[in-house]
Every structure is written in C-alpha cells, then in structure tokens.
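Q: Please work out how this folds:
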Amino acid sequence: MSEYLTEAEAAAVANAEGVPVSPRTLANWRWAGNGPPFVKVLRRVRYRRADVVAWAQSQISAPRRSTSNRTIATVGG
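A: This is a model prediction of the structure:
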C-alpha cells in the first residue's frame with residue numbers, strides 16, 4: 001500500500017475515517033486552499049495517507065450533549 005494516494009484513494013481513506021467526501025470535492029477544496037494537505041509528484045497531485053487521516057480526524061467534532069435536555073430559566077422564578 002503506497003503512502004501517496006490519488007484523489008480517489010484519499011477520498012476513500014477520509015470516508016473510512018468518518019468524513020464523507022468525494023474526489024471531486026477534494027479537487028475543489030484544493031483549488032480553494034482547503035482540505036487535506038497535498039503534494040505534487042511528477043506533476044500529479046497526491047495525498048499522504050497520514051495527512052488525510054489527521055485532517056479527517058480534525059474535522060470530527062467532540063461528542064455533544066442533546067440540546068433537548070437544557071434547563072430553561074424562568075423569569076421571576
């Protein structure tokens with residue numbers, strides 16, 4: 001298994017980490033300066049596996065509590 005991934009392979013790794021993303025979305029984000037870091041290898045875009053995993057994990061928020069259990073303060077109470 002190569003350390004350098006194509007867009008399709010990088011998208012599959014991100015999906016496996018819980019971040020649903022398509023290869024086309026990666027290309028759009030790359031153009032806009034977003035998404036996981038990438039490198040150029042012989043004029044081809046590649047993603048390092050460790051970079052994709054780290055980026056995907058950084059996109060997942062911490063567990064949250066339900067907002068339906070909030071206590072609502074009453075006026076004068």
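Q: Where does pLDDT dip in the protein?
A: 1, 64, 66-77 (pLDDT under 70).
Q: Where does the residue positioned nearest the centre of it sit: helix, strand or coil?
A: Closest residue to the average C-alpha location of the chain: A56 at 3.5 Å, with C-alpha atoms, centre = their mean. State at A56, reduced to three classes by DSSP: H, G, I helix; E, B strand; the rest coil: helix.
Q: dump the residue contacts of the closest residue in space to it that isn't next to it in sequence.
A: Closest residue to A56 apart from its sequence neighbours, by C-beta to C-beta, 6 or more residues apart in numbering: E17 at 3.7 Å. Bear in mind the C-beta positions are built from the backbone N, C-alpha and C, glycine included. Residues near E17 by C-beta atoms under 8 Å, 6 or more residues apart in numbering: V52, V53, A56, Q57, I60.
Q: and of these, the nearest to L26?
A: Set against L26, the nearest of these by C-beta to C-beta is V52 (9.1 Å).
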